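Asker: Build me a model from this:
(2 chains)
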Amino acid sequence: MAEIKEAVKEKSMVIQKEMLADLFTELSTAKENGKKVVYTFVPGNLTELILAMDMLPVYPEINALQSGMRKKSGSYIKDAEKVGFSEDVCTYVKCDIGMMLNGNIGPTGEKLPPPDMLLLSYTGCFTFMKWFENLERLYPGVEIAMLHTPYQEDGKITDDQVKYMIKQLTDDVIPKMEKVAGKKLDYDRLSKMLENSAKAEDLWVKVLQSAKSTPSPIDAYFAGVYYMGPMNTAFRGTEKAVEYYQELLNEITERQQLGLHPVTPEGEMKEERFRLVVEGPPNWTNFREFWKIFYDMGAVIVASTYTKVGGLYDQGFRHDPDKPLESLAKYCMGCYTNLNLPQRVDLLEYYIKEYKADGFLINSIKSCNSFSAGQLLMMREVEQRCGIPVGFIESDLVDPRYFSYANIKNRLESYFQMLGQRKVIMEQEVNAD
Amino acid sequence: MSKYYLGVDLGSTTSKAVIINENDEIIGRGITNTRANYSVAADIARDEALYNARFSVLKKNLDFEIKSRPEYKKYIDDLENVFQYEQFKVRLDRLGEELVKTCKSFFKDEETQEKMLIHLRNIRRSFKPKIKHDYIYNSLGSKNQFFRDIVSEKYNEEVNKLDSSLFEPLMTVWDKSITPAENEVVTFDFKTLVREAMEVLKEKYDKLPERAENISIESDSTFDAEMYLLKGDFKNVSESLRERIDEVAELEFNIANMTGTGYGRALLPFPESCIRSEILCHAFGAHAVFPDTRTVLDIGGQDTKAIQVDKYGLVTSFQMNDRCAAGCGRYLGYIADEMSISLNELGPMAMKAEKEVTICSTCTVFAGAELRELTNVGEKKEDILGGLHKAIIMRAMSLIARSGGVFNEFTFTGGVARNQAVIKYLTQLVRENYGEGIKINIHTDSIFMGALGGAMFARRNLDIALPSAKKAKLEVSAKV
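Answerer: Numbers count the residues shown, from 1 in each chain, chains lettered A, B, ... in the order given. As a prediction, the model looks like this:
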């Protein structure tokens, strides 16, 4: 019985693995098959547009994090520094540039094709702009399209902003994409894809919301970053993505019904001692060690903001086949890093209350200003509003030099002990009452 | 039987142990330098705390008598100093053996070997009485009283008196011997040692001149009114205390529970359930001593921690220095080395500053370079040190701000809290930033706060971590 369950558990993982393998094979043979390649970023990505025009997307920051997980980022970063990138530059950028300097070999060991187009569809991270400026130098003459995504400074998306985004899409971005693709955009095909997107998004939200139950059947951060893969990258809008999320949801629902704990690289967790909400990306170079500190202490992440950088679907947004460009515009402006600080704090408060979290933890990234700016302020605000213990650790995305295991473990141990004590005291208080 | 609880704080620079009774009162303190073998450091700190606890219990038992006879207290204090010397002596003998062993294996040539052995003997002969005198007359001063520091200083002094060609061989022998000697566990029998100490004490008082009229109080720093009070009645005091001393020597210390904390806590030979983060322990200790504390700053050897606590003494948030330990205790140690003065002289010298020279606190090594440069351009040592001490606090202020600031009572803990100049700038900057009304607490036991918090957790652990045990205990007591 247990063995069968084990096999069932892995089905979604098998599907995802196949999806990725197929994509990278397709990418490695793109030039021979005459497929055009678009480099673009995860937040505010226009994947459906790219796929609807039969082009293939490459996400440099995903390659960078993959390099980090495969222990290659250290030497890539060193090579980028050798050609002049300073120590302070975003390590995703340096890792990506280093990978390109070393033959652009992707995570599966297959060569990645050079870009036919650089599509910058999210400008909330200023570094993205600089990143593509540098890629343009590496690939002279490459087509460039930039969609300026207005930041939600006032905490809302206005009609004017949507119009502004649509105008950019129709007047500049789509014509450029059509030029590269050598074909006109088929709006019916785009709508069909957006319909698939919305279906997958419904399923994905249910996956995320499964963490509301106690115990949570998933770790919404460490496992969440795997679950979010197809949604945030090359598969949104495809049938395959719908299939993947349906399978994933089935597995998780089963786990939930059986009252099972999240699965970790070392098997299923035995207990849920702490439920946490986490802000900030994980560290990739020591991802497994980092995760282990949490599951060893019985800490489960029930909600994270990082899994929302590719879209805030759990707050109601869906791609809309009837309003394709409008929904793409709203999607770009609605991703997590495009929210202003009060909105981010509101969202965190919602997660903490809705997911019954015991604590709130920030993993602040040394080389990521767009994510890290304002985090201390957010932390204090969350602490005041929710009255739960807050923790703050620092690491980096993919620079292994900035991950100090002993320091992080020391802080996390202290934090978990702090949560443990609070629980005991609170229980005693309740009992005393 | 009374129950006692032990907290051991294994820091990066010093290891501390505290023993408390069932009322959370500190009855024993022990401290030693952290060394290669963590377990030895922890054992030494614990043993010291246990010896100190026996003397505390002795004083407590004699509480009533002491009120009318202050010479009892003097006798016990003196006895404890001599007792420490007795331990020191055993370690010194061990070191002596180690020095001879190293010398024999290091110098193959018999003639050199013999020559070096003679020097070693002479060195030892000349510094041993000095150290004995310092202990017995309690004149070690505010210097670090760790075995390694005391012996090292005296050894260096003696070697420097010799021909410079001997410096290198003798220091090599030293370097190769001190570590094994220091990392060895030496067990003492309290009763034997205290008896010996009583004999040495008797010798001291026998040798004291009768209350000599020619001793001028102003000119002789060794003059001690209490000492002469005791001298007059030494035999009586000694005889009447003998039985009471035997009593505490035979006392069985029931350590009901213990907690290990600090940087090296994971390496302590304690069960996992007895290991706790130093952040929690420092906060708990500080809160126990000053219950209105809501913000705790701890500056240790390599960590600066800004901690916010609630009304229970539980941590609600904390911030620590990340990636770099500039501005911590070791920073001061490095600066002291750079200036060739002892760590304990830094604070008093900085207190004499007329201004604070601006110094960068982001890097310890650079601060050392800056120090030389500033000396070259004619800045006064005191003003540079003033600047350095201020720089440490500036860094700590940033962590305090990150952790949420200071709202209420503020307590400063850790080894660095013994430094007067640090306290001066901290007080100044905390009040400047958070208001003149902020109450700032610094306890004489600030360095022991982590160990105290640990011991207090140990006492509560039975109740806290094991609610079922609590229930069982209640049932038992109900039956009784």
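Asker: so what does the top helix by length along chain B touch, helix or strand wise?
Answerer: In terms of residue count, the longest helix belonging to chain B (DSSP state H) is helix B:70-106. Judged by 3 or more C-beta pairs under 8 Å, 6 or more residues apart in numbering or on different chains; DSSP states H and E, helix B:70-106 is in contact with helix B:38-61, helix B:63-68, helix B:110-136, helix B:147-161, helix B:167-182, helix B:190-207, helix B:225-232, helix B:234-250. In this view, the C-beta of every residue, glycine as well, is placed from N, C-alpha and C.
Asker: pLDDT value on residue 222, please?
Answerer: All of this refers to chain A. Looking at residue A:222, its pLDDT is 97.
Asker: meant chain B actually
Answerer: 51.
Asker: out of everything not next to it in sequence, what's closest to the residue of chain B found nearest chain A?
Answerer: Using C-beta to the nearest C-beta, the single residue of chain B nearest to chain A is residue B:277, 3.5 Å away. Distances taken as C-beta to C-beta, 6 or more residues apart in numbering or on different chains place residue A:414 nearest to residue B:277, at 3.5 Å, with adjacent residues excluded.
Asker: separation between the one you found and residue B:42?
Answerer: According to C-beta to C-beta, to the nearest Å, residue A:414 stands 20 Å off from residue B:42.
Asker: quick one, which of the two is more surrounded?
Answerer: Each of residue A:414 and residue B:42 has its neighbours counted (other C-beta atoms under 10 Å in any protein chain shown); residue B:42 has more, 27 against 23.
Asker: can you list the weak-confidence ranges in the chain?
Answerer: Answering for chain A, as no chain was given. Across chain A, the stretches falling below the confidence threshold (pLDDT under 70) are A:1-10, A:433.
Asker: nope, chain B
Answerer: Applying pLDDT under 70 to chain B flags the ranges B:141-144, B:210-224, B:461-480.
Asker: Could you list the domains of it?
Answerer: As assigned by automatic domain parsing, chain B contains the domains B:1-275, B:292-455.
Asker: from the ones you listed, which stretch is densest packed?
Answerer: Neighbour counts (mean count of other C-beta atoms under 10 Å in any protein chain shown) averaged over each of the domains of chain B peak at domain B:292-455, with a mean of 20.
Asker: does that domain come close to chain A?
Answerer: Yes - using C-beta under 8 Å from any C-beta of the partner chain, domain B:292-455 reaches chain A at B:312, B:314, B:315, B:316, B:317, B:318, B:319, B:320, B:322, B:323, B:402, B:404.
Asker: Could you do stretch B:6-17 as well?
Answerer: No - with C-beta under 8 Å from any C-beta as the criterion, chain A is not reached by stretch B:6-17; the gap is at least 11.4 Å.
Asker: May I have that stretch as PDB, with CA atoms only?
Answerer: Output of stretch B:6-17 as PDB, limited to C-alpha atoms (Å, rounded to 0.1, in the frame of the first residue of the first chain):
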ATOM      1  CA  LEU B   6      23.200  24.800  36.100                       C
ATOM      2  CA  GLY B   7      23.600  27.000  33.000                       C
ATOM      3  CA  VAL B   8      26.700  26.800  30.900                       C
ATOM      4  CA  ASP B   9      27.300  29.500  28.200                       C
ATOM      5  CA  LEU B  10      30.000  28.500  25.900                       C
ATOM      6  CA  GLY B  11      31.000  31.700  24.200                       C
ATOM      7  CA  SER B  12      33.500  32.300  21.500                       C
ATOM      8  CA  THR B  13      35.900  33.900  23.900                       C
ATOM      9  CA  THR B  14      34.900  32.900  27.400                       C
ATOM     10  CA  SER B  15      32.900  30.000  28.900                       C
ATOM     11  CA  LYS B  16      30.700  30.800  31.800                       C
ATOM     12  CA  ALA B  17      28.700  28.700  34.200                       C
END
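Asker: tell me which parts of the stretch 1-150 of chain A are close to chain B?
Answerer: On the criterion C-beta under 8 Å from any C-beta, chain B has no neighbours in the stretch 1-150 of chain A.
Asker: from the stretch 1-150 of chain A, which residue is nearest to chain B?
Answerer: For the stretch 1-150 of chain A, C-beta to the nearest C-beta, closest residue to chain B: residue A:87, 12.7 Å.
Asker: helix or strand for that residue, which one?
Answerer: Under DSSP states H and E, no helix or strand contains residue A:87.
Asker: same check, this time on residue A:196
Answerer: Residue A:196 belongs to helix A:187-209, assigned by DSSP H and E.
Asker: Same check on residue A:360?
Answerer: strand A:359-365.
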